[in-house]
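Trainee: Here is my input, please return the structure:
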Amino acid sequence: MSLPVFEQVPHKSLREMALSAIRQAILRGDLKPGQRLMESEIASQMGVSRAPVREALRQLETEGLVMSEAHRGAFVAELSAKDVSEICALRAAVESMAARIVTEQASPETLAELQQVVADMAQAADEGDLPRLAALDLSFHEMLCRTSGNSRLLDTWLNMTSLIRTFIDLTHTLYLPADELVRLHTEVVEHIQNRRADEAGQALARHILEVGERINREYDDKTDEPDA
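Mentor: Prediction:
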């Protein structure tokens with residue numbers, strides 16, 4: 001971590017600001033998987049003491065974005081095939097439930113909002129704007145969970161938002177063409193519009209699990225490659 005990544009922050013809510021800054025640096029790719037996170041260097045760049053940085057790293061470890069090793073320190077976490085499978089299974093269960101609930105009770109306003117997000121995704125895909133596409137994708141899934149009205153379902157989803165964002169970024173950059181991503185979300189919205197709750201939930205779960213399988217196949221292919 002030779003070049004400065006972080007800006008100095010004011011002495012207010014230092015833990016929260018450090019947490020947000022480090023999380024965003026990981027999600028943007030400024031900090032790479034496997035990269036060591038030096039408390040002293042991060043604190044120096046932010047202009048704070050090491051204490052809020054240490055607390056932020058502990059929180060990010062609970063979110064799955066950071067891992068710590070005894071006598072070695074903290075590192076940006078790398079998603080393993082097992083991690084991907086677990087994330088996908090949990091996402092499929094939570095979000096398919098949300099899709100079913102929303103389908104059964106969606107108001108015209110909710111349906112219009114979902115349709116608008118998919119239309120915006122299509123525009124971003126046409127323009128090749130992958131960062132915007134990623135943000136809209138996350139917004140679509142969060143909207144489903146929020147409009148379900150199930151607070152515990154939403155809490156479960158929000159607790160793994162950082163991992164979901166990492167998963168979505170992987171999906172866009174490596175494993176799923178933008179036009180296919182738009183098509184799959186369009187399919188879910190059409191099921192919701194036509195009040196097909198089971199089909200909406202199944203389509204969303206199938207999409208999540210299929211992408212997880214693609215990611216794990218990529219991991220397998222890399223593992224099978226002979227050493228140079």
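
Trainee: mind checking the SS state of the closest residue to G29 other than its chain neighbours?
Mentor: Closest residue in space to G29, ignoring its immediate chain neighbours: D169 at 7.7 Å, by C-beta to C-beta, 6 or more residues apart in numbering. Every C-beta, even on glycine, is put in place using the N, C-alpha and C of the backbone. Put simply, D169 is helix when judged by DSSP: H, G, I helix; E, B strand; the rest coil.

Trainee: With adjacent residues omitted, what lies nearest to the residue nearest in space to the middle of the chain?
Mentor: For the chain, the residue nearest the mean C-alpha position is R165 (1.3 Å; C-alpha atoms, centre = their mean). Spatial nearest neighbour of R165, chain neighbours left out: L27 (5.4 Å); criterion: C-beta to C-beta, 6+ apart.

Trainee: doesn't the one you found fall inside a helix?
Mentor: Yes. Checked against three-state DSSP, L27 lies within a helix.

Trainee: how close does G201 get to L114?
Mentor: 14 Å (C-beta to C-beta, to the nearest Å).

Trainee: any idea which helix or strand carries V5?
Mentor: Using DSSP states H and E, V5 sits within no helix or strand.

Trainee: and the residue nearest to it when sequence neighbours are not counted, how far is that from E61?
Mentor: Nearest residue to V5, sequence neighbours excluded (C-beta to C-beta, 6+ apart): D30, at 5.1 Å. For D30, the distance to E61 (C-beta to C-beta) stands at 19 Å.
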